[in-house]
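Have a look at this fold, sequence not included:
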């Protein structure tokens, strides 16, 4: 079974911590790391690879759109799959996130089981559902 390494980038500490805590308790998750904005996420050494990036699209210092643009410019051996999260659901914002590489766009608040379902999808179904 694939053991995913996940990076969560979100400015709201309680929301980020709740996601991280939930994911750490799920089967198929090897590691969860947190960053509070895109700038901090980009400072994580490139040797520390992540399979999945969960990023809020609106954050101070560097938002999720800029983070995805910057990741696209970097010549990484492998890019993580992306799940974009936001409190806004405008079509233009969703389209921009998808154009920048997001596989899913989730509107907050969302059920953590729905997030885990997307992680399973990105893992090629190699993570079994809980229960």
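Good, I have the coordinates. All figures in this text were calculated on a predicted structure; none of them were measured in a lab.

Contacts only, for residue 84.
If you count contacts by CB atoms under 8 Å, 6 or more residues apart in numbering, residue 84 has them with 55, 57, 64, 68, 97, 102, 104, 105, 106. All C-beta spots, glycine's among them, are computed from the backbone N, C-alpha and C.

Swap in 10 Å and give it another go.
53-57, 64-65, 68, 93-94, 96-98, 100-107 (CB atoms under 10 Å, 6 or more residues apart in numbering).

Show me what it bridges to in the sheet.
Beta-bridge partners recorded for residue 84 (DSSP bridges): residue 55, residue 105.

Report how many residues lie close to the nearest residue to residue 70 once chain neighbours are set aside.
The shortest distance from residue 70 to any non-neighbouring residue, by CB to CB, 6 or more residues apart in numbering, is to residue 42 (6.1 Å). Counted by other CB atoms under 10 Å, the residues lying close to residue 42 total 16.

Pull up the gap between residue 42 and residue 94, please.
23 Å (CB to CB, to the nearest Å).

Only the buried residues of stretch 71-80, if you could.
71, 80 (16 or more other CB atoms under 10 Å).

what about this protein, any weak spots by pLDDT?
Residue ranges of the chain with pLDDT under 70: 1, 125-131.

Tell me where it has helices.
Counting by DSSP state H, the segments of the chain that form helices are 13-24, 38-42, 64-73, 91-99, 112-122.

which helices and strands sit right next to the longest one?
In other words, helix 13-24. strand 4-9, strand 29-35, strand 52-56, helix 112-122 (3 or more CB pairs under 10 Å, 6 or more residues apart in numbering; DSSP states H and E).

Now render the ones you listed as TSV, adding distance to residue 17.
Formatted as TSV, those follow (distance: least, CB to CB, whole Å):
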stretch	distance to residue 17
strand 4-9	9
strand 29-35	7
strand 52-56	13
helix 112-122	12
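
So which of those is nearest residue 81?
Of all the helices and strands packed on helix 13-24, helix 112-122 sits nearest to residue 81, with 4.3 Å by CB to CB.

relative to strand 4-9, how tilted is the closest one?
Per axes from the mean of the first three to the mean of the last three CA atoms, to 10 degrees, the angle that helix 112-122 makes with strand 4-9 is 130 degrees.
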